[in-house]
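Peer 1: Here is my input; please provide its structure:
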Amino acid sequence: MKQFKFTTWNRYVISACAAAVLLAFAAASASADIAAAEKWVDNEFQPSTLSREDRIKEMEWFIKAAEPFKDMDIKVVSETIPTHSYESETLTKAFEEITGIKVTHDLIQEGDVIEKLQTQLQSGQNVYDAYINDSDLIGTHFRYGAVQNLTDWMAGEGKDVTLASLDVDDFIGKEFTTGPDGKLYQLPDQQFANLYWFRYDWFQRDDFKAAFKKKYGYELGVPVNWSAYEDIAEFFSNDVREIDGQAIFGHMDYGKKAPDLGWRFTDAWLSMAGAGDKGLPNGKPVDEWGIRVEGCRPVGSSVSRGGAANGPAAKYALRKYMQWLRSYAPPGALGMDFYQSLPSLAKGNVAQQIFWYTAFTASMVAPKSEGNNTVDDDGNPLWRMAPSPHGPYWEEGQKLGYQDAGSWTLLKSTPVERRKAAWLYAQFTVSKTVSLKKSHVGLTIIRDSDINHQSFTDRASKLGG
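Peer 2: Residues are numbered from 1 along each chain as shown. This next block holds a predicted model:
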């Protein structure tokens, strides 16, 4: 029996065959990735501000940049709002099919997001590979030195995984995520504002307008101050009382003990009443939370320490909060939290809310067939939004509202390779290929180019102002 002689030639042939097989496999894999990208571009990621050709180019870049991380499993986390549900349920699937990177995108309450973030900051152990957290944490992120500043990351260690067409200047809210050193610490993913919400159809009824003017001596309309807001709450709760056999209420809020109850006050409640100094950003030296700030560091919140958290405006705000919640809100509101109260407006039994998070606009434009009683049969909103009214201590130049951007945040304690893979997913969720469609789903628009797209002009009448 002949023995096979393993010569240099044999080795060359075998190596060449192996290389050919690997090349063929790589080509087939790349072809499958491109096919997946084309499927998502054609079936899901439209409308878009990019042409189809440019969308495919962006996806080709993601495919190539993700090659070193194929088959990696990463974990990210955000709060539970419709925008992030879309990311968790749809965009993770698209990203995996296109890049081969599997993403677990956990949805938890915002207080829990902060708890996980703090755990990683304090322990140095990698809990999540990336976080979406509010941009009002910028001071903490800047001071602690534990967050990867993205300006340096995109120019240095993360340059090979930074999308050339990311276009940071196109983002709404990047001013909030830029530190005092002028560097970007978080990449905005979604943004929302607090505005006054009201039932436009009820405010337009001639019988209600006549009755209101007879009682109060002025026209029923969008309130400019808290006194008028209280008159409207009183009118609908105790004068109108019922519409089409349904009990109605003049005010909505929530009171369950939870982290989001604290944010209810710091987001805008105290400043609307008149707490905080005039000017931008957020009033200096005392901000809209009633905290005195010196050199980007909090130094006191009580009046005795130069703050305003227990000053006249703040005390007035707290009294009105409790009075209105108990006198004019639906039963059970006192026991609701942020996540339970806001979608409850869709029941259609509340006349107004003094400040309402636009992050929940998507719930308010759902079809009537899905149980949303604040749209008509054609899907037109029966409600509108307007600037919130101000309290008696408020003066021109003080803050009168709130805007925030839930933003991607990378921590230095996350291993570099995992950080790079998570950064790819973060960019994917806000890429120009994806962002316009995501904006139409969640209505938390994050790009200037998206909000100026014709598709939003066409949809404007369906979005309540």
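Peer 1: Span of stretch 54-74 from start to end?
Peer 2: 27 Å (C-alpha to C-alpha, to the nearest Å).
Peer 1: which residues of this structure fall in strands?
Peer 2: For the chain, the strands defined by DSSP state E occupy 73-79, 102-108, 130-134, 187-198, 242-243, 246-247, 292-294, 297-300, 352-357, 384-386, 402-409.
Peer 1: To Ser51, which of the ones you listed lies closest?
Peer 2: strand 187-198 (24.0 Å; C-beta to C-beta). Any C-beta I mention is one placed from the backbone N, CA and C, and that applies to glycine too.
Peer 1: quick one: which of the strands of the chain is nearest Tyr321?
Peer 2: Nearest of the strands of the chain to Tyr321, taken as C-beta to C-beta: strand 352-357 at 9.5 Å.
Peer 1: quick one: buried residues of the closest one?
Peer 2: Neighbour-count burial for strand 352-357 flags Gln352, Gln353, Ile354, Phe355, Trp356, Tyr357 (criterion: 16 or more other C-beta atoms under 10 Å).
Peer 1: for stretch 426-444, same thing?
Peer 2: Quick answer for stretch 426-444 (16+ other C-beta under 10 Å): 426-440, 442-444.
Peer 1: First residue to last residue on it, what's the distance there?
Peer 2: Stretch 426-444 has an end-to-end distance of 16 Å (C-alpha to C-alpha).
Peer 1: and the end-to-end length of stretch 344-360?
Peer 2: End-to-end for stretch 344-360, by C-alpha to C-alpha: 10 Å.
Peer 1: Sketch out the low-pLDDT regions of the stretch 101-250 of the chain for me.
Peer 2: In the predicted model of the stretch 101-250 of the chain, no residue satisfies pLDDT under 70.
Peer 1: Surely Ser344 touches Asp337?
Peer 2: No: judged on C-beta atoms under 8 Å, Ser344 makes no contact with Asp337 at a distance of 11.1 Å.
Peer 1: quick one, what contacts Lys70?
Peer 2: Contact analysis of Lys70 by C-beta atoms under 8 Å, 6 or more residues apart in numbering lists Thr99, Gly100, Ile101.
Peer 1: wait, what's in contact with the last one?
Peer 2: If I follow you right, that is Ile101. Ile101 neighbours (C-beta under 8 Å, 6+ apart): Ala66, Phe69, Lys70, Asp71, Met72, Ile74, Phe95, Ala421, Leu424, Tyr425.
Peer 1: For burial, what's the neighbour tally of the fifth one?
Peer 2: Counted with other C-beta atoms under 10 Å, the burial measure for Met72 works out to 18 neighbours.
Peer 1: that older thread, which one among the buried residues of strand 352-357 gets closest to Phe62?
Peer 2: Nearest to Phe62 among the buried residues of strand 352-357, counting by C-beta to C-beta, is Tyr357 at 31.6 Å.
Peer 1: do you know how far that closest one is from Asn238?
Peer 2: 27 Å (C-beta to C-beta, to the nearest Å).
Peer 1: Gly295 too?
Peer 2: Distance from Gly295 to Asn238, by C-beta to C-beta: 50 Å.
Peer 1: the more surrounded of these two?
Peer 2: Taking other C-beta under 10 Å, Gly295 and Asn238 do not tie; Asn238 has more neighbours (12 against 7).
Peer 1: rewinding a little: ok, the contacts of Ile101 vs Tyr402, which is closest?
Peer 2: The nearest one, if we look at those relative to Tyr402 and count by C-beta to C-beta, is Tyr425, at 28.2 Å.
Peer 1: For the closest residue to the closest one other than its chain neighbours, give the beta-bridge partners.
Peer 2: Excluding its sequence neighbours, the residue lying closest to Tyr425 (C-beta to C-beta, 6 or more residues apart in numbering) is Val103, at 5.2 Å. Using DSSP bridges, the bridge partners assigned to Val103 are Ile74.
Peer 1: how many other residues sit next to Val103?
Peer 2: The tally of other residues near Val103 (other C-beta under 10 Å) stands at 26.
Peer 1: ok, now which ones touch it?
Peer 2: Counting by C-beta under 8 Å, 6+ apart, Val103 makes contact with Asp73, Ile74, Lys75, Val76, Thr92, Phe95, Glu96, Tyr425.
Peer 1: switch the cut-off to 7 Å
Peer 2: Applying C-beta atoms under 7 Å, 6 or more residues apart in numbering to Val103 gives the contacts Ile74, Val76, Thr92, Phe95, Glu96, Tyr425.
Peer 1: so how many other residues sit close to the residue lying closest to Val161 once chain neighbours are set aside?
Peer 2: In space, and not counting its chain neighbours, Val161 is closest to Lys420: 4.6 Å by C-beta to C-beta, 6+ apart. For Lys420, the neighbour count with other C-beta under 10 Å is 24.
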